[in-house]
Every structure is written in structure tokens, then in C-alpha cells.
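Q: quick one, what's the 3D model for this:
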Amino acid sequence: MDSGAPRASAGPLVLAARAVAEVFRNPDLRNLQLASASFVAGEWAYTVAVGVYAYRYGGAAWVGIVGFIRMLPAAFSGPFVGALADRYPRERVLLLAYLSRSLALAASAAAALGKLPAAVFALAGVVTVVSSISRPCEWSLRAALARTPHELAATNVAGSMVEGVSVFVGPALAGILLAKTSPGVVFLVTAQLSLAGGIALSSLRVYTRLEPVTSPGVRVLARESLQGVKEVARERDLRLLFALFFGQTITRGALNVLIVVAAIRLLHMGDPGVGYLNSAFGVGNLVGAFAAFALVARRRLAAPAGFGLILWAAPLAFVALVPHPIAALIFLAIPGLGNGVLDVAALTLLQRITPTRLHGRVFGTLETVVFIGVAAGSIVTPALIAWLGVKGALIAVGVFLPGVTVLLFARLNDIDSRAEVPEHELSILRATQLFASLPAITLDRLAQHVVRVEAPKGTTIIRQGDAGDRFYVIESGKVRISIDGRHRVVLGPGEHFGEIALLRSIPRMATAKVSEDAVVYALNGEEFVAAVTGDTRSFAVGDRVTSARLADARARRR
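A: As a prediction, this is how the structure comes out:
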């Protein structure tokens, strides 16, 4: 059976183009990308407008203060919204976030047009909190909807392309509107963009299976919210990726301030220049997304992730060294290029090494890290400008992230080795009926945890009446299944056994004994149950298989 691997005869760009085209032929992934386009364009247009509004109100210090106000509440809400993404249908949570964001942006427009700066600044925090729900849901949905490992990477490439276009369009639109109107009008336009994204999401269909739930209560929700934090604290690979994301978002927060100040004070481009410099970042992001095409067929992604981090910050120092508007537009496109590569490489790595059932909570925790980093960068940068000047601050921020990345690169490279997916085991699992419909990211994790067992003739693999702890797939040889000592059937290569006790939480219904030297692959019961019951299609197949086998066993006992 096709494992989703590309044919070697095609070049990487051709393979990537095919994979991305396949992404857009998938109606659910296409609608998700369209919604994301409206979200990102609106987010960046809002960032430009609220930055200009704050600068007009109180200069560089207030740009930093408003950045801090925007990020801090969202930092505390990250694990909570991640728990919501795991507990409730993610597509519905995402839709609610888009609609709530539209309302908050409309209220911001009314406050700005009504000359109520305190309300604008307070609503800035509200806008970011409801926006923070979007990314954990979207990243989780990408993994859930991707059908092969290559489609997962292609989905992230497509997302980076969409982001690149949106990061160009959003700030450029804000710059044009600011030249003719006011920040309040920009807020109103972003509210309409968020509403359009909600419309695109309304037909999304996901096969993730969730248990029926009632109101979980504060304690239960708090406990679930902390599971993402605990997973990050427990896994060193996650800790490293989160540390690098934190460094990148400190740079992002600093850049939010530096672009406003550099456009107005250093480059003398005025308020519209803030939008145009942000648009240059978007152009670079789009170029980076095309460069990331080559990553679709790659399993090893650490080097591109590190390269993306270095490109993210280093060019800022050159803006200080060559303070000219055209040079600044070029230099600020390069971090966008790095961002396009980083989004695909680091995000795909993160999706691969995170258990599917915890995606929402881990990504919610990532949102907390992101918002804390942006808040820290926003609040520290005005002081850095006061101390070093605009040029000195640009140089300091430009060398920080590349330095950290170089120091940690060896550890980042080790993640690739641990995230390698054994292709042979993956092909065996994909050919198994129970796993055929699982998302690529789930199959990858199962393939990493499956254990090869050589079983000589006469070996008893499971015994009737014992507790179930493993699921088995036969690669070669034969296994005889008996019930109450009576022969029932002989299973051969490609067939499986052991699922009844795991899916129904009952003792083993039969004994499995090797009748011809066999090689079987064993999967831990918890991993098996989490994978099969987490997908509606796989759960339906598992329920049908176990029901049929239970009915047959009962009939033979009569």
C-alpha cells in the first residue's frame, strides 16, 4: 500500500507543488487556509494600526506598553484555550474565536472613532486573547486533516504561503488606509476580515473523535490545562523548541516597536511607512514559503529551522548600518523569508514529537510562550532604545537570536534523530485495516513506538483470561487463535489480533499461539487505544471488527 512517500523520479519542487496542490484540492484544508488568510491579514493590519495609534498617543514608550497590554492576558489564557481545543470540536472552537474577534475589533473601531484611547488599549488585550484561541486549533486541525506525512509538511508550506501573502496584504492595506483615514477605520476593516474567516470555517468537517462531555468544572479544566505545560516540562525536545520559539518571539516583540520607531524617526517614512515595512516582511515570508517547498519531502528539519531563526533577526542590524528606506525594505524582507522557512520546519517538528491527544494543550502552551516573549520584547525595547538609541537597539536585537541559535544548534539537530520515523514499520501499520484512515501524524508516532518481536513456533503471545496490554500485527509466519482450548482460526501476514481486550476493557477472549515461526509488531495498549478512539473513522472500524469477533466467539461457545 502507498505510504504517502513521493516517487523518487520527480524533483523536490515538483513534489512539493503536487503536494500543495493536493492540499488545496482538499476542501477542508482549503477552507482552513482561506480562514487563516483573513485572520493573518487582519492581525497584521491591526498590529500596524494599534501601533500607530499608540505612538500618536504617547510615543515609543506607549507602543511598548500597548504591546505588553496586548500580550500579557493572552499569555495566561494559553493553556486554558489549549484545553478547550482538546476537549471540544476544534473547528467549532475556532469558529467561535473568529466571531468573537470580529466583535472585539468592531468595538475597538467604535472606541477609536469615538476618541476613547483607554477603551482602545483595554480592548487590545481582549482582541489578542480571543485571537490566541485560533492558532492552537488551526495547528491541531492541520495535523488532523493531513492524510500523509508529506501532506502534513505541504499543509504547513501552504499555510506559510498564505501567511506570506497575508502579511504583505494586511500591513499594506493598513498603510494605504492610514494615509487617507485613521486607525479606527483599519480596526473596522479587520473586524470584517475576521467575520469573512468565520464564514469560510462554517463548513469545516473534522474526524477527530471526542467523548461526549458536560461542563467539566473549574478543577477538571484547570487540570487539563496544565497537561500541556507538564508535557513540555517532561520532554527535553519540546523544551528546546519552546526555548527557541521564546527567543524568536522576544525578537518579534522588539520588532513591533522598532518598526514603528525606525519608520518615523530613523527612516522618516511617516505613519504609512510602518505599514510598508511590515509589508516587506510579508513579501519575504512569501518567498520563504516557496523556499520551504524543498522541505515537503524532508524528514530532517533541524538545519532549516536553525537557518530560519538566524535569518529572522540578523538583518535587523543591517537596517541600522544602512538607514535608507529602500535598504530597510530589503533587509526587513529577509526576516520574513526566515519566518517562512521556520514556520514549516519547526512547526512540523513540533507536530511530529507531540502526542496527538495533547496537540491543543501543547500548542496552547506554545501560545503562552509566544505571548510572554512578545510582551517581554515589547516592554524592554523602549528602554533599549532610550539606552542605545534606535540604531543600537536594532543591532542588539539583531545579534541576540542568531547567537542563541548557534549555541543550541547541536541539540536542535539531535531532535531530528529522535523524530525519525521507521518507514518499514510505518508501511506495515498503514496497511492494517484499523489504522488506514488515521492522520499521518498519528501513524508516525505509532511507527516510532511499535516493537518488533520474533516469536518461534510454539510461543504463546497472549493467553485467554489475561489482561490486555498490547496490540499485534503479523509481518510473517502464522498465529493460531483458540477459544476455550478449541481451534478457531489461523492468522497470517498483514492480519492483527489483541484489539478486543483493549477497546472493550475486558480480559483476553482468546489465546494466540505461534504455529509457524513468526515476526509480529507489538504496540503498547495505551498508544493503540488513544490512536484508534481518537479518530471517528478508525473508531468505527475498530468497533465493527471487535463486535464481529465477539459475536463469533460467543456463537462458538454455545
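
Q: after the helix or strand containing residue 277, which helix or strand is next?
A: Here residue 277 sits within helix 270-291, counting by DSSP states H and E. Per DSSP H and E, helix 270-291 leads on to helix 302-313 as the next helix or strand towards the C-terminus.

Q: now do that next one and helix 270-291, the angle between them.
A: Helix 302-313 runs at 170 degrees relative to helix 270-291, counting by axes from the mean of the first three to the mean of the last three Cα atoms, to 10 degrees.

Q: run the chain-centre distance for the helix holding residue 277.
A: Put simply, helix 270-291 sits 22 Å off its chain's centre (Cα atoms, centre = their mean, to the nearest Å).

Q: in it, what's buried?
A: Within helix 270-291, the residues that count as buried by 16 or more other Cβ atoms under 10 Å are 271-291. Just so you know, the C-beta spots here come from the backbone N, C-alpha and C atoms, and that holds for glycine as well.

Q: repeat for stretch 50-60
A: For stretch 50-60, by 16+ other Cβ under 10 Å, it's 50-55, 60.

Q: other residues contacting that stretch?
A: For stretch 50-60, contacts defined as Cβ atoms under 8 Å, 6 or more residues apart in numbering pick out 62-63, 65-67, 70, 108, 112, 117, 120-121, 124, 178, 183, 187, 256-257, 259-261, 264, 271, 274, 382, 385.

Q: all helices for the stretch 451-558 of the chain, in order.
A: 499-504, 525-533, 536-557 (DSSP state H, counting those that start in this stretch).

Q: for residue 312, which of these is the nearest?
A: Between residue 312 and the helices of the stretch 451-558 of the chain, the tightest spacing by Cβ to Cβ is seen for helix 525-533, at 34.9 Å.

Q: who are the packing partners of the closest one?
A: Counting contacts by 3 or more Cβ pairs under 8 Å, 6 or more residues apart in numbering; DSSP states H and E, helix 525-533 is packed against helix 440-449, strand 470-483, helix 499-504, helix 536-557.

Q: closest to residue 246 out of those?
A: The nearest among these, by Cβ to Cβ, is helix 440-449 at 23.6 Å.

Q: so which residue is dead centre in the protein?
A: When Cα atoms, centre = their mean is applied to the chain, the residue found nearest the centroid is residue 139 (3.1 Å).

Q: element containing that residue?
A: Per DSSP H and E, residue 139 falls inside helix 134-145.

Q: give the rounded mean pLDDT of that helix.
A: For helix 134-145, the mean per-residue pLDDT is 73.

Q: just the angle between that helix and helix 440-449, please?
A: If you take the same axes, to 10 degrees, helix 134-145 sits at 70 degrees to helix 440-449.

Q: now helix 134-145: buried residues?
A: Buried, per 16+ other Cβ under 10 Å, within helix 134-145: 134-145.

Q: after it, which helix or strand is next?
A: Using DSSP H and E, the helix or strand that directly follows helix 134-145 along the chain is helix 149-180.

Q: circling back: out of the helices of the stretch 451-558 of the chain, nearest to residue 489?
A: That would be helix 536-557 among the helices of the stretch 451-558 of the chain, by Cβ to Cβ, at 8.9 Å.

Q: what average pLDDT does the closest one get?
A: Here the average pLDDT along helix 536-557 is 69.

Q: repeat that for stretch 424-433.
A: 83.

Q: contacts for it?
A: Contacts for stretch 424-433 (Cβ under 8 Å, 6+ apart): 1, 3-4, 435-436, 443-444, 446-447, 450, 452, 473, 475, 494, 496, 521, 541, 545.

Q: list the buried ones in the helix or strand harbouring residue 198?
A: Taking DSSP H and E as the criterion, residue 198 maps to helix 183-201. Neighbour counts over helix 183-201 (16+ other Cβ under 10 Å) mark 183-191, 193-198, 200-201 as buried.

Q: got the angle between that helix and helix 270-291?
A: Going by the same axes, to 10 degrees, helix 183-201 makes 30 degrees with helix 270-291.

Q: what sits up against helix 183-201?
A: With Cβ under 8 Å, 6+ apart, helix 183-201 has contacts from 31-32, 34-39, 41-43, 45-46, 48-50, 52-53, 91, 94-95, 98-99, 101-103, 105-106, 108-113, 173-174, 177-178.

Q: span of stretch 103-121 from start to end?
A: 15 Å (Cα to Cα, to the nearest Å).

Q: ok, now stretch 283-300?
A: 26 Å.

Q: quick one: contacts of stretch 326-338?
A: 164, 167, 255, 259, 262, 267, 276-277, 280-288, 291, 307-316, 318-319, 322.

Q: can I get that stretch as PDB, trimmed to CA atoms?
A: Only the C-alpha atoms of stretch 326-338 are listed here, as PDB (Å, rounded to 0.1, in the frame of the first residue of the first chain):
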ATOM      1  CA  ILE A 326      14.800  51.100   0.200                       C
ATOM      2  CA  ALA A 327      17.600  49.300   2.000                       C
ATOM      3  CA  ALA A 328      15.300  48.800   5.100                       C
ATOM      4  CA  LEU A 329      12.600  47.300   2.900                       C
ATOM      5  CA  ILE A 330      15.100  44.800   1.500                       C
ATOM      6  CA  PHE A 331      16.600  44.000   4.900                       C
ATOM      7  CA  LEU A 332      13.200  43.500   6.600                       C
ATOM      8  CA  ALA A 333      12.100  41.100   3.800                       C
ATOM      9  CA  ILE A 334      14.900  38.700   4.900                       C
ATOM     10  CA  PRO A 335      13.400  38.000   8.400                       C
ATOM     11  CA  GLY A 336      10.100  37.300   6.600                       C
ATOM     12  CA  LEU A 337      12.000  34.700   4.500                       C
ATOM     13  CA  GLY A 338      13.400  33.200   7.600                       C
END
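
Q: buried stuff in it?
A: For stretch 326-338, by 16+ other Cβ under 10 Å, it's 328-338.

Q: likewise for stretch 111-124?
A: So stretch 111-124, judged by 16+ other Cβ under 10 Å, has buried residues 111-112, 117, 120-121, 123-124.

Q: and the residues you listed, which is closest to residue 246?
A: Using Cβ to Cβ, residue 124 comes nearest to residue 246 of these, at 21.8 Å.

Q: biggest helix in this protein, by residue count?
A: In the chain, assigned by DSSP state H, the helix with the most residues is helix 359-419.

Q: downstream of it, the next helix or strand is which one?
A: Next in sequence after helix 359-419, counting helices and strands by DSSP H and E, comes helix 423-430.

Q: quick one: residue 526 from residue 323, how far?
A: The spacing between residue 526 and residue 323, counted by Cβ to Cβ, to the nearest Å, is 58 Å.

Q: for those two, indicate the residue with more neighbours.
A: Shown here are residue 526 and residue 323; by other Cβ atoms under 10 Å, residue 323 has more neighbours (16 against 11).

Q: the more buried one reaches residue 395, doesn't it?
A: No. Look at residue 323 against residue 395 with Cβ atoms under 8 Å: they stay out of range, at 11.7 Å.

Q: CSV for the buried residues of helix 134-145, including distance to residue 355?
A: Formatted as CSV, the buried residues of helix 134-145 follow (distance: Cβ to Cβ, whole Å):
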residue, distance to residue 355
134, 22
135, 18
136, 14
137, 17
138, 18
139, 14
140, 12
141, 16
142, 16
143, 11
144, 13
145, 18
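
Q: sitting in helices, which of the buried residues of stretch 111-124 do you find?
A: Reading helices off the buried residues of stretch 111-124 with DSSP H, I get 111-112, 117, 120-121, 123-124.

Q: and those residues as JSON lines, adding pLDDT?
A: Putting those into JSON lines (pLDDT from 0 to 100) gives the following:
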{"residue": "111", "pLDDT": "94"}
{"residue": "112", "pLDDT": "93"}
{"residue": "117", "pLDDT": "92"}
{"residue": "120", "pLDDT": "93"}
{"residue": "121", "pLDDT": "92"}
{"residue": "123", "pLDDT": "92"}
{"residue": "124", "pLDDT": "89"}
